[in-house]
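**Q** here are the coordinates; sequence isn't available:
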């Protein structure tokens, strides 16, 4: 009996010495983070799960109290966690480990372009809306707004890489109007009652000319018009719809041309600003609707206005 007991104890001792001890689970040292996510004390799989969950969070873009959520998936973003977790397991305490992230540049560009389409606001130029004896009247110019596309691309890419998911304010910059009241350029105001033509540079008066305007039966049309055509040494063609021109023939450029040497046609049919072969008519309402000027005055004005210049007729 004693022999059997001793043999059993020896056998048990041999079995114990031949069975290896279980290996402890390896964990990340304390204070270690991967792309800003703390994984200290976690083993490989929990660390991996925490990183993937944190990375999947959407990016919040804010603008004037509104939130726009952008998922990493929509940017074609992905990451390789294995290498980062392996580095974390081998790191010293309090280490900060970067996370390799990949994303689609095309999708990122498309996302930022969609933000620009949604929030861009074009600038509004000043326009001439009328005039008076005091000068031209303008609509107000307004600045526009544009998303800073280049910076937003870089900011979104950085949030993907660092994994912090801090809220990102939509980055914009103002867009100045191309034309304001002060920078508007040439404007013409014709006042029929006193037969004057005033040239303005924006709100500033440049010069005043005496002119002839339309007689009562053929009045110069009041309203807001624009110069649509400019001609040096123009031909004069009799208007086919006017009884007073019946039987008249076209007149080529030259000293007998009733338009003088310059023609600035308006978008009012058949009406323009031009020189004249009848200088004594200046100051009176005697034309067939056009605005006549002394030839030197018409030549001077011609050089200082453009196609599109507003013409206000009062």
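**A** Yes, it's here. These numbers were taken from a predicted model, which means no experiment stands behind them.

**Q** quick check, residue 141 in contact with residue 126.
**A** Yes: here residue 141 reaches residue 126: they are 4.0 Å apart, a contact under Cβ atoms under 8 Å. For every residue, glycine as well, the C-beta is placed using N, CA and C.

**Q** hey, what's in contact with both of these two?
**A** Counting by Cβ atoms under 8 Å, 6 or more residues apart in numbering, the shared contacts of residue 141 and residue 126 are 177, 179, 180, 181.

**Q** nearest to residue 76 among those residues?
**A** Residue 76 lies nearest to residue 177 out of the shared contacts of residue 141 and residue 126, by Cβ to Cβ, at 38.0 Å.

**Q** and residue 35, how far from residue 275?
**A** Going from residue 35 to residue 275 by Cβ to Cβ, to the nearest Å gives 77 Å.

**Q** quick one: low-confidence residue ranges for the stretch 101-250 of the chain.
**A** Counting by pLDDT under 70, the stretch 101-250 of the chain has no low-confidence residues at all.

**Q** any idea where the helices of it begin and end?
**A** Secondary structure of the stretch 101-250 of the chain (DSSP state H, counting those that start in this stretch): helices located at 105-119, 149-162.

**Q** let me have these in TSV, extended by distance to residue 169 and mean neighbour count.
**A** Below are those laid out as TSV (distance: least, Cβ to Cβ, whole Å; neighbours: other Cβ atoms under 10 Å):
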stretch	distance to residue 169	mean neighbour count
helix 105-119	12	15
helix 149-162	9	17
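
**Q** could you dump those helices to CSV with distance to residue 72?
**A** Listed next are these as CSV, based on distance: least, Cβ to Cβ, whole Å:
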stretch, distance to residue 72
helix 105-119, 10
helix 149-162, 6
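
**Q** residue 89 is nearest to which of these?
**A** Between residue 89 and the helices of the stretch 101-250 of the chain, the tightest spacing by Cβ to Cβ is seen for helix 149-162, at 21.2 Å.

**Q** which neighbouring elements make contact with that closest one?
**A** Secondary-structure packing of helix 149-162 (3 or more Cβ pairs under 8 Å, 6 or more residues apart in numbering; DSSP states H and E): strand 59-63, helix 105-119, strand 168-169.

**Q** okay, the ones you listed in a markdown table with distance to residue 258 next?
**A** Output for the helices and strands packed on helix 149-162, formatted as a markdown table (distance: least, Cβ to Cβ, whole Å):
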| stretch | distance to residue 258 |
| --- | --- |
| strand 59-63 | 62 |
| helix 105-119 | 54 |
| strand 168-169 | 66 |
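
**Q** what's the closest of these to residue 270?
**A** The nearest among these, by Cβ to Cβ, is helix 105-119 at 44.6 Å.

**Q** what's in contact with the closest one?
**A** By Cβ under 8 Å, 6+ apart, the residues outside helix 105-119 that reach it are 61, 63, 68, 70, 74-76, 145-147, 149, 152-153, 156-157, 170, 172.
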